[in-house]
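Engineer: Fold the stuff below for me.
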Amino acid sequence: MIARTITSRLLTALLASALFAAAPGCAADGDDGSGEDVEDSELPLISSIPNAELDAFYADRANYRAVKKEVAEWFPFDENACTAFMTTALRQAGMQIPNAMIWNGETGPDRQRVSIWINTSGLAQYLIRKAGWRKITDVNDLRPGDIVFTRPAERGASDFHTPLHPRHAYMFHGWKNKPRTGLVVDNQWEEYGDRGFGMYERNIGFFDGERSMFWFALRAR
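Structural biologist: Residues are numbered from 1 along each chain as shown. Got it, this is the predicted structure:
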């Protein structure tokens, strides 16, 4: 039984590694093979939770540990896991985010099926189209609990992300130096966090040469 569990987790890790090895940011474009592939019209409309409620949940160390533990059970590494962390936090906070595929919102050759659970554009499209969240385009309007999506490339950097595929997703918690830096919560607890907790100060309204900047945020209506 133990050997079977280890083998299953190893196969999951190898599959995920193959899917995301080439992906900077959080998730690869395209059909990444995660989730039920049903028509978008069949995806359920869901009730939202207030962003302030999401903020209170995800900014709590104990809740963050619970999110991290659950993600580790089905997504075996933290790199490229920003959407996995975000969707898990939303589900644990009370939103029923389905494990399914959705069209990424683009047209022509860039139109692709992507995972809601592990792809930034998949999550963004689902929240807008099925949960009724609205887009915030002014960084100065950010409020605690908003889900921020960052630009796909900075200063002409070579990046395979398509125009509607954000590079990163995190929850905004509060300003430190508006509109430049603030406290955020995401999957990068090892690199930037504190003792296993993924809250840290991050550039938001500017590009610091390393981490991508604010593009838009989503907020429940």
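Engineer: residue ranges of the strands in the chain, please?
Structural biologist: Ranges of strands in the chain, per DSSP state E, are 101-103, 113-115, 134-136, 147-150, 169-177, 181-185, 199-203, 214-219.
Engineer: now these in TSV, with mean neighbour count, distance to Thr87 and mean pLDDT?
Structural biologist: From N, CA and C alone the C-beta is placed, and that goes for glycine too. Shown next, in TSV, are those (neighbours: other C-beta atoms under 10 Å; distance: least, C-beta to C-beta, whole Å; pLDDT from 0 to 100):
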stretch	mean neighbour count	distance to Thr87	mean pLDDT
strand 101-103	22	12	90
strand 113-115	25	9	90
strand 134-136	14	18	96
strand 147-150	26	10	96
strand 169-177	20	9	97
strand 181-185	21	14	97
strand 199-203	19	18	95
strand 214-219	21	13	96
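Engineer: For those strands, could you give me JSON lines that also reports distance to Tyr192?
Structural biologist: Compiled in JSON lines, these are given as follows (distance: least, C-beta to C-beta, whole Å):
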{"stretch": "strand 101-103", "distance to Tyr192": "29"}
{"stretch": "strand 113-115", "distance to Tyr192": "25"}
{"stretch": "strand 134-136", "distance to Tyr192": "23"}
{"stretch": "strand 147-150", "distance to Tyr192": "14"}
{"stretch": "strand 169-177", "distance to Tyr192": "11"}
{"stretch": "strand 181-185", "distance to Tyr192": "9"}
{"stretch": "strand 199-203", "distance to Tyr192": "4"}
{"stretch": "strand 214-219", "distance to Tyr192": "17"}
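Engineer: nearest to Pro44, of those strands?
Structural biologist: Pro44 lies closest to strand 101-103 among these, at 11.8 Å (C-beta to C-beta).
Engineer: What distance do you get for His168 to Thr120?
Structural biologist: Distance of His168 to Thr120, computed by C-beta to C-beta, to the nearest Å: 7 Å.
Engineer: Could you point out which of the strands of the chain sits nearest Met95?
Structural biologist: Minimum separation from Met95 across the strands of the chain (C-beta to C-beta) falls at strand 147-150, 11.3 Å.
Engineer: what's the closest one in contact with?
Structural biologist: 25, 86, 120, 123-124, 127, 142, 166-172, 184, 204, 211-219 (C-beta atoms under 8 Å, 6 or more residues apart in numbering).
Engineer: Please name the strands paired to it in the sheet, noting orientation.
Structural biologist: Strand 147-150 has the following strand partners under DSSP bridges: strand 169-177 (antiparallel), strand 214-219 (antiparallel).
Engineer: ranges for the helices of this protein?
Structural biologist: Assigned by DSSP state H, the helices in the chain fall at 2-20, 51-58, 61-74, 82-93, 120-129.
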